[in-house]
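Enquirer: 3D model of this:
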Amino acid sequence: MLIPDEILLQVIKPARYLGGEINMIEKNPAEVDIRFAFCFPDVYEIGMSHMGTHILYHFLNERSDTYCERAYCPWGDMEGFMRTKNLPLYALESHDPLGAFDFLGFTLQYEMSYTNILNMLDMSGIPFYSKDRGEEFPLICAGGPCAYNPEPLADIMDFIYLGEGEAMLNEVLDKYKQLKAEGKNKIEILEAFAKIPGIYVPSFYNVEYNSDGTIASFTPNNPNAPEKIQKVIINDVSGTYFPSNQLIPLIETVHDRVSLEIFRGCMRGCRFCQAGYVYRPMREKPWEYLMEQAKGLIENTGHEEISLVSLSTGDYKHFEKLASGLLDTFQGENINLSLPSLRIDAFSLELMEKVQSVRKSSLTFAPEAGTQRLRDVINKQITEEEILGGSGLAFSGGWNRVKLYFMMGLPTETMEDIEGIATLSEKIVEKYYQLPKEKRPQPVSIVVSTSCFVPKPFTPFQWDSQNIYTEFMEKQRLLKNRITSKRIKYNYHDAFLSVLEGVISRGDRKIAALIIKAWENGARFDSWTELFKEDAWRDAFTQTGLDIDFYSGRKREFSEILPWDHIDIGVDKKFFENEKILSDRGVTTLNCRENCNNCGANSFGGGICHER
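Expert: As a prediction, this is how the structure comes out:
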């Protein structure tokens, strides 16, 4: 199937729909046993910037019996043409309709992409609910960070993969190939999958509710289904699979560069950060191995920038060796090193001086909260003295632009904490003007950005209520009025999207009906501000009878059964309870390198937990 030229000539960025990129894998679909479509539920430029896509695409195509292809959500103009012409959604490699595949695997990177999943299924002629899909339809599965609360999509997905793809995907495909050859049906295949570690088959579980809407019980209804599903990981990442030939996109993407994953997990324990807990334990790659990877990637892709990717890159034990090694290796080759937000110290500034020798861009700090009290509550182990000291070092090094990121609506937050954001920003401005006049030839520029806090599963704040819409807006108005300096710019966004994210991220199985109804009301690309249709979602709540405040504005008790309690990430629920209690007291917890806090992740038998 090929899209007619008269359509491609009328849509924005037609290269989104062509395929044929450099390093794209080509196989004969008739010569493989398994066809797997890796589906990213957003536009091409976003999906092609996702490192996991590159890893799993090449990882699966290493198998001679499997052909992994890609599909992205078409932009509105292309969707309109395809629906008018009755053209199904297709994979970029073969241009075959997605309905012809064995598996459609969706990556769940953010909750506000869920209506795009429905759109991709609908454009493929595939029913939304798993119970409505017979043997003629592909197996629909999902993985990724949002999969750790799988319940909002439980009625839609055939199975959900919990953990790192390299750990068990081969076993899943081996089992499928065997059972397919034996003529087994979909139920028999899913029963076999349910026995594989990390695989959750939602239809094999019954959920009962109390009269107040909370969960009364969650029980398996199939003897092959375990009571708890534990995520799977690769313990030793020193030689884990990483492709040397990353796909080269046909158009500019959000992150048009080589991505170098330096470790997995995080040791910090910030109490608001879901990723920091679900990816535990922290596992580092040898810096020599990373150097060789970087050389191969630059040679095979032609990219001119290397991005160091991890949750807290500056915590990499050999960060100085790696960063200096990369700069020395590619000196004179116009290869840039993209650095994340770092803790500002003498080495970081020296490194950034080398990286940005031609033009200094802005520096980024993420204090997250405006007062020390609240930073202790969230376990953000950085003091005001360190923030101001780092700013002073940066200003002395010639920087005059600083970006500051904060969250609003954090547990125990008061209006004094909101005002503290303005106060801290003003102190940073003052720090700049303490320099001798000859060292500050240009005015300082501070950009303050606030996001709305969303309590996430598998964090100490998973029981907390979220601020309601009017509370967020009141806090934004207060801060906007409080910031009076011409040197400080304040950026914020409408809070309803964050409230909606809070509903979905902690939702139960009833949320599937809400997502479907919002899609029917026209919701698409909800994470894109200019395309977000608030009325589509507000109407969906009315139409389904679901209550926003029940899911986002309500505080949960420790005794309540949470929708994700049957998922085991390796971190004990009791640990989260204790962290919540410490949080309410304003007591901080040391990071994993300084002290093992017995969170439970040492049960995996690797990583930072076993360094000693």
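
Enquirer: in the protein, which residue is closest to the centre?
Expert: Q109 (4.1 Å; CA atoms, centre = their mean).

Enquirer: helix/strand/coil for that residue?
Expert: coil (DSSP: H, G, I helix; E, B strand; the rest coil).

Enquirer: Surely it touches G47?
Expert: No. In this structure, Q109 is not within contact of G47 by CB atoms under 8 Å, at 9.2 Å. Placement of C-beta: from N, CA and C, glycine included.

Enquirer: quick one on the thing from earlier: please name the nearest non-neighbouring residue to the residue nearest to the centre of the chain.
Expert: Counting by CB to CB, 6 or more residues apart in numbering, Q109 lies nearest to G144, which is 5.5 Å off, once chain neighbours are set aside.

Enquirer: Any idea how many residues pack against the one you found?
Expert: 20 (other CB atoms under 10 Å).

Enquirer: Kindly report the same for the one 10 residues further on.
Expert: Using other CB under 10 Å, A154 has 22 other residues around it.

Enquirer: Report the contact partners of it.
Expert: I160, P202, R509, A512 (CB atoms under 8 Å, 6 or more residues apart in numbering).

Enquirer: Quick one: low-confidence residue ranges for the stretch 101-250 of the chain.
Expert: By pLDDT under 70, the stretch 101-250 of the chain has no low-scoring segment.

Enquirer: In the stretch 251-400 of the chain, where is pLDDT below threshold?
Expert: Checking the stretch 251-400 of the chain against pLDDT under 70 turns up 340-349, 353-361.

Enquirer: need the helices for it, in chain order.
Expert: Counting by DSSP state H, counting those that start in this stretch, the stretch 251-400 of the chain has helices at residues 274-278, 287-301, 319-329, 346-355, 372-377, 384-396.

Enquirer: send the alpha carbons of the fifth one over as CSV?
Expert: Coordinates of the C-alpha atoms in helix 372-377 are reproduced here as CSV (Å, rounded to 0.1, in the frame of the first residue of the first chain):
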residue,chain,number,x,y,z
GLN,A,372,14.2,24.8,52.2
ARG,A,373,11.4,23.4,54.3
LEU,A,374,9.6,22.2,51.2
ARG,A,375,12.7,20.9,49.5
ASP,A,376,13.3,18.7,52.6
VAL,A,377,9.7,17.5,52.4
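
Enquirer: where's it relative to the chain centroid, distance-wise?
Expert: 25 Å (CA atoms, centre = their mean, to the nearest Å).

Enquirer: Which strands and helices lie in contact with that helix?
Expert: Counting contacts by 3 or more CB pairs under 8 Å, 6 or more residues apart in numbering; DSSP states H and E, helix 372-377 is packed against helix 415-433.

Enquirer: Tell me how this protein divides into domains.
Expert: As recorded under automatic domain parsing, the domains making up the chain are 5-230, 360-493.

Enquirer: now these as CSV including distance to V499?
Expert: Below are these laid out as CSV (distance: least, CB to CB, whole Å):
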stretch, distance to V499
domain 5-230, 12
domain 360-493, 5
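
Enquirer: And these: which comes nearest G570?
Expert: domain 5-230 (6.9 Å; CB to CB).

Enquirer: distance between the ends of that closest one?
Expert: End-to-end distance for domain 5-230, by CA to CA, to the nearest Å: 48 Å.

Enquirer: need the contact list for the closest residue to L311 other than its chain neighbours.
Expert: Leaving aside its sequence neighbours, L311 sits nearest to C266 (CB to CB, 6+ apart; 4.1 Å). Listed by CB under 8 Å, 6+ apart, the contact partners of C266 are C273, A275, G276, Y279, R280, M282, S310, L311, S312, D315.

Enquirer: so the fifth one touches N602, yeah?
Expert: Read it as R280. No. With contact defined as CB under 8 Å, R280 does not reach N602; the gap is 9.3 Å.

Enquirer: These two: which is more packed in?
Expert: R280 (28 against 17).

Enquirer: What about the contacts of A154, which are in helices?
Expert: A512 (DSSP state H).

Enquirer: Considering the contacts of A154, which possesses the most neighbours?
Expert: I160 (25 neighbours).

Enquirer: so who does that one touch?
Expert: Contacts of I160 (CB under 8 Å, 6+ apart): C141, A142, G143, A147, P150, L153, A154, I199, Y200, V201, P202.

Enquirer: Name whatever forms a beta bridge with it.
Expert: A142, Y200 (DSSP bridges).

Enquirer: how much space between it and F40?
Expert: 17 Å (CB to CB, to the nearest Å).

Enquirer: quick one, what contacts K321?
Expert: Contacts of K321 by CB under 8 Å, 6+ apart are W287.

Enquirer: what do you get for D376?
Expert: Neighbours of D376 in contact, by CB under 8 Å, 6+ apart: G586, V587, T588.

Enquirer: quick one: it and S259, what's the gap?
Expert: Where S259 is concerned, D376 sits at a distance of 34 Å (CB to CB).

Enquirer: Quick check: which of the helices of the stretch 251-400 of the chain is nearest to A30?
Expert: helix 287-301 (28.8 Å).

Enquirer: Now do that closest one and helix 319-329, the angle between them.
Expert: Orientation check (axes from the mean of the first three to the mean of the last three CA atoms, to 10 degrees): helix 287-301 against helix 319-329 gives 40 degrees.

Enquirer: Can I get helix 287-301 in CSV? Just the C-alpha atoms.
Expert: Provided in CSV are the C-alpha atoms of helix 287-301 (Å, rounded to 0.1, in the frame of the first residue of the first chain):
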residue,chain,number,x,y,z
TRP,A,287,33.0,4.5,30.8
GLU,A,288,35.3,2.7,28.4
TYR,A,289,32.4,0.8,26.9
LEU,A,290,30.5,4.1,26.5
MET,A,291,33.4,5.7,24.7
GLU,A,292,33.5,2.9,22.1
GLN,A,293,29.7,3.1,21.7
ALA,A,294,29.9,6.9,21.1
LYS,A,295,32.6,6.5,18.4
GLY,A,296,30.6,3.8,16.6
LEU,A,297,27.4,5.8,16.8
ILE,A,298,29.0,9.0,15.4
GLU,A,299,30.7,7.0,12.6
ASN,A,300,27.5,5.2,11.6
THR,A,301,25.0,8.0,11.9
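
Enquirer: List the buried residues of that helix.
Expert: W287, L290, M291, Q293, A294, L297, I298, N300, T301 (16 or more other CB atoms under 10 Å).
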